[in-house]
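> Sharing a model prediction with you, sequence too.
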Amino acid sequence: MSGPEKDTRTRVLTCDCQGTSPLDLKSLEAAAGAGVEFSGTQLCRRQISRFKSALESGAPVLVGCTQEAPLFLELAEETKFSGDLRFVNIREKAGWSADGSKAGAKMGALIAEAQLNVGGPHVVRMSSAGVVLVIGRDEVALEAARRLAARMDVTLLVTAKPDLPPPRIDEMPIYRGNVVRAQGHLGAFEVEIADYAAVVPSSRDRISFEPTVASSVVSTCDIVLDLRGETPLFPAPKKRDGYFNPDPRDPAAVARTLFDVADLIGEFEKPRYVAYEEAICAHSRNGIVACSRCLDNCPTGAITPQGDGVNIDPYVCAGCGNCASVCPTGAVRYAMPESESLLLRLRTLLKAYGAGGGKRAVLLVHDGQSGEDMIAAVARHYDGLPANVLPVVVNSVAQCGLEVLTAARVYGAAATLLLTPASLDDDLAGLHEAAALNNRILDALGYDNGRAEIFDERDPEALADRLRTAAAKVADGPLPDAFTPAGGKRDLLSLALSALHRVAPTPVDEIALAKGAPFGSVDVNVEGCTLCMACVGVCPANALRDSPEFPRLSFVETACVQCGLCEKTCPEKVITLRPRLDFTGVARNPRVVKEETPFECVRCGKPFATRSMVETVQKRMATHSMFAQAGALRRIQMCAECRVIDLAESGDDPFAGAPRRNVRTTDDYLRERERGDDEDKAN
């Protein structure tokens, strides 16, 4: 006889945190969609037995507190709990607010979202044995190298004319030189050094060096500590794992850095933030470069051209998400999580909020570091988040592309606020572009809400004021049918835009967009088009298509990303881009751009090309020496097989030139002279 079935329903445990975080259980349960257990006023202390009882049930457990997560995790370890234990912050994000008593719907929505299962990212591994290259010009670098040498393998590179006392004990190698180039990451740095010279062991009062080595050398190391106080060796230096460049004039900063460096021995993991699909990349084709959005917006230099596509170094990538946000085709996808999973979270959150009676939802998208700190500060020291402001944590705010912003409005967001950290200040071009395009589309369709706005506040009090103002001024508007997020970036965009258009206050058929927008049509001068299909061969999105049965060029506008490869590749230069957003059925279905009756071989009658192509080639070749012989130009009207047969039958050599003159020798000139002398004598 089998035992009772294991309970798989999640046990949701909450408390009012000693009365400071009021719970509207009716709204909370309506939003959460499941029973929520009110565990008293102090789950982490007085009512801890309720938590232990939930663990004993073997069911998944969700605790409405993150502050005491270490305590709960410790108890779970003691009881050998092997189930699913999660935590959600409903106190700082909802209860600790001037609107705390009205935040039941938001609490329930946060709980519903926390129960979703979103897959974790893939990781890459880095290994560091503690080999450190310290680069500097004075005693700051020397002292830093000394302190690290006690536990790490340190080399000091002095870049200026040294005025340093030699160390009493040779604790580390010391060299002089200038850094020419640096590349790599934690565990795999390569630093090229010119004017390289080793220290003289007999240096007495001041360090001196051997004669300079003429050629440069390459130093390999795990960590680079740059104390030159000059331009960093890498772009976005704070985002390069294993590279440190504190201000050498700031002793406290140098000291903090030494602690960080000393910890970098062992095996380390970092997420593989993005995935890449070269087949739909619009970077280039056949050596012709078109789209370079990801290259232009990568702050760390992790993306480099590679063939017709790009290469993304996962060890250098810092996960800002700019590349995925600006990629028009979806060839670069953010994987923490992918847009499909993020949209599922937004849909769940907003649907649950509405089910709990919530109105005028405002999304506050933030990261898990500075964003969480700002929200905690607003909750602890000011009026907290308004009841209708729903925080959404992401790995990087810059990962939110147009598909995320438009879908948020479809799911019911009256506004989307993007709280950016200081670390992204120089990397927001793509986010600004996505927000502006989202707002342009909503304005054109007549929506008076759903706009995206970037918040770059660093002061919690100023943020609290702006949030209050933003939350108060929004209004509910038409609610489109919420679609189930599935597919890639273009699929999600198409679903969101179609949903917005169906219930738009002013459902216009076409919205004109600025140059560079990822939507639009192509205008083809059909008179000049020869149907060579070069554009079809380079189109990464399959927007331009041919037909295997008939000379026909078709175009699907919804697939076009306006990369410009067709325009640059067209040998006749008859293609121009027209950025726009077309909501009609014409844009969704293939439309014929040009078609012709096939040209039949004048010898065997087999169709082999288009009439316009044959006529164009004949016109261009009419004056060419290869077609100077009689009947040669007619061969252009033949298929490949007949052309060879006709050439063999005629005996013509298409590569033959004018007859070559015989080479004249000394004997030729002597014979001509003798012949002239004989003629003179005869006369």
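Great, that's in hand. Numbers count the residues shown, from 1 in each chain.
> Could I get the contacting residues of residue 246?
227, 253, 254, 256, 257 (C-beta atoms under 8 Å, 6 or more residues apart in numbering). (Each C-beta comes from the backbone N, C-alpha and C, glycine too.)
> Roughly how far does it sit from residue 362?
Distance from residue 246 to residue 362, counting by C-beta to C-beta, to the nearest Å: 39 Å.
> Tell me the buried residues in stretch 633-649?
Buried residues in stretch 633-649, counted by 16 or more other C-beta atoms under 10 Å: 633, 635, 636, 637, 638, 639, 642, 643, 646, 647.
> I'd guessed residue 350 sits against residue 410; true?
No. Applying C-beta atoms under 8 Å as the test, residue 350 and residue 410 come out as separate, 9.3 Å apart.
> what's the helix or strand for residue 198?
strand 189-198 (DSSP states H and E).
> quick one: contacts of that strand?
133, 135, 157, 173-184, 209-213, 216-224, 233, 242-243.
> average model confidence for that strand?
The pLDDT scores in strand 189-198 average 92.
> Now find how far off-centre that strand is within its chain.
34 Å (C-alpha atoms, centre = their mean, to the nearest Å).
> So which bits of that strand are buried?
189, 191, 192, 193, 196, 197.
> Any chance of these in JSON lines with distance to residue 75 as columns?
Shown next, in JSON lines, are these (distance: C-beta to C-beta, whole Å):
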{"residue": "189", "distance to residue 75": "43"}
{"residue": "191", "distance to residue 75": "49"}
{"residue": "192", "distance to residue 75": "54"}
{"residue": "193", "distance to residue 75": "54"}
{"residue": "196", "distance to residue 75": "58"}
{"residue": "197", "distance to residue 75": "61"}
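> Tell me the strands beside the host helix or strand of residue 599, with direction?
Taking DSSP H and E as the criterion, residue 599 maps to strand 598-600. Applying DSSP bridges, strand 598-600 is found paired with strand 607-610 (antiparallel).
> returning to that earlier point: can I get the contacts of residue 246 in JSON lines including distance to residue 490, secondary structure and pLDDT?
JSON lines is the format used below for those (distance: C-beta to C-beta, whole Å; DSSP: H, G, I helix; E, B strand; the rest coil; pLDDT from 0 to 100):
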{"residue": "227", "distance to residue 490": "48", "secondary structure": "strand", "pLDDT": "96"}
{"residue": "253", "distance to residue 490": "46", "secondary structure": "helix", "pLDDT": "96"}
{"residue": "254", "distance to residue 490": "49", "secondary structure": "helix", "pLDDT": "96"}
{"residue": "256", "distance to residue 490": "45", "secondary structure": "helix", "pLDDT": "96"}
{"residue": "257", "distance to residue 490": "44", "secondary structure": "helix", "pLDDT": "97"}
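> Of those residues, select the buried ones using a PyMOL command.
Listed next is the PyMOL selection for buried residues among those, using 16+ other C-beta under 10 Å:
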select buried, resi 227+254+257
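> Is the residue nearest to residue 173 when sequence neighbours are not counted in a helix, a strand, or coil?
Nearest-residue entry for residue 173: residue 155, 4.9 Å, with adjacent residues in sequence omitted and distances by C-beta to C-beta, 6 or more residues apart in numbering. Look at residue 155: counting by DSSP: H, G, I helix; E, B strand; the rest coil, its state is strand.
> Specify the beta-bridge partners of residue 155.
Assigned bridge partners for residue 155, using DSSP bridges, are residue 133.
> pretty sure it is touching residue 135, no?
No. Between residue 155 and residue 135 there is no contact under C-beta under 8 Å: 9.5 Å.
> out of those two, which sits in the busier spot?
Between residue 155 and residue 135, counted using other C-beta atoms under 10 Å, the more crowded position is residue 135 (26 against 17).
> For that one, give me phi and psi.
phi -120, psi 130 (degrees, to the nearest 10).
> ok, it - contacts?
141, 157, 159, 179, 191, 224, 225, 226, 227, 228.
> please redo it, this time with the cut-off set to 7 Å
Counting by C-beta atoms under 7 Å, 6 or more residues apart in numbering, residue 135 touches 141, 157, 159, 179, 224, 226, 227, 228.
> could the residues you listed go into a markdown table alongside secondary structure and distance to residue 438?
Listed next are these as a markdown table, based on DSSP: H, G, I helix; E, B strand; the rest coil; distance: C-beta to C-beta, whole Å:
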| residue | secondary structure | distance to residue 438 |
| --- | --- | --- |
| 141 | helix | 49 |
| 157 | strand | 49 |
| 159 | coil | 48 |
| 179 | strand | 44 |
| 224 | strand | 40 |
| 226 | strand | 40 |
| 227 | strand | 44 |
| 228 | coil | 43 |
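> Of the residues you listed, just the buried ones, ChimeraX syntax please.
Only the buried entries of the contacts of residue 135 go into this ChimeraX selection, using 16+ other C-beta under 10 Å:
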select :141,157,159,179,224,226,227,228
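> how about TSV for the contacts of residue 135, with distance to residue 402 added?
Formatted as TSV, the contacts of residue 135 follow (distance: C-beta to C-beta, whole Å):
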residue	distance to residue 402
141	47
157	46
159	46
179	41
224	38
226	38
227	43
228	42
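> With adjacent residues omitted, what lies nearest to residue 486?
Here the residue nearest residue 486, using C-beta to C-beta, 6+ apart, is residue 340, at 6.5 Å.
> who are the neighbours in contact with that neighbour?
Per C-beta under 7 Å, 6+ apart, neighbours of residue 340: 485, 486, 492.
> helix/strand/coil for residue 548?
Residue 548 - assigned by three-state DSSP - is coil.
> CA atoms of stretch 266-283 as CSV?
What follows is stretch 266-283, C-alpha atoms only, in CSV (Å, rounded to 0.1, in the frame of the first residue of the first chain):
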residue,chain,number,x,y,z
GLY,A,266,40.7,29.9,-7.2
GLU,A,267,37.8,29.0,-9.5
PHE,A,268,35.2,31.5,-10.4
GLU,A,269,32.0,31.5,-12.4
LYS,A,270,30.1,34.2,-14.3
PRO,A,271,26.9,34.0,-16.2
ARG,A,272,26.9,33.7,-20.0
TYR,A,273,24.7,36.8,-20.3
VAL,A,274,23.8,36.6,-24.0
ALA,A,275,23.1,34.0,-26.7
TYR,A,276,23.9,34.6,-30.3
GLU,A,277,22.5,33.2,-33.5
GLU,A,278,24.7,34.1,-36.5
ALA,A,279,22.1,32.9,-39.1
ILE,A,280,19.9,35.9,-38.6
CYS,A,281,22.6,38.4,-37.8
ALA,A,282,22.4,41.5,-40.0
HIS,A,283,26.0,42.7,-39.4
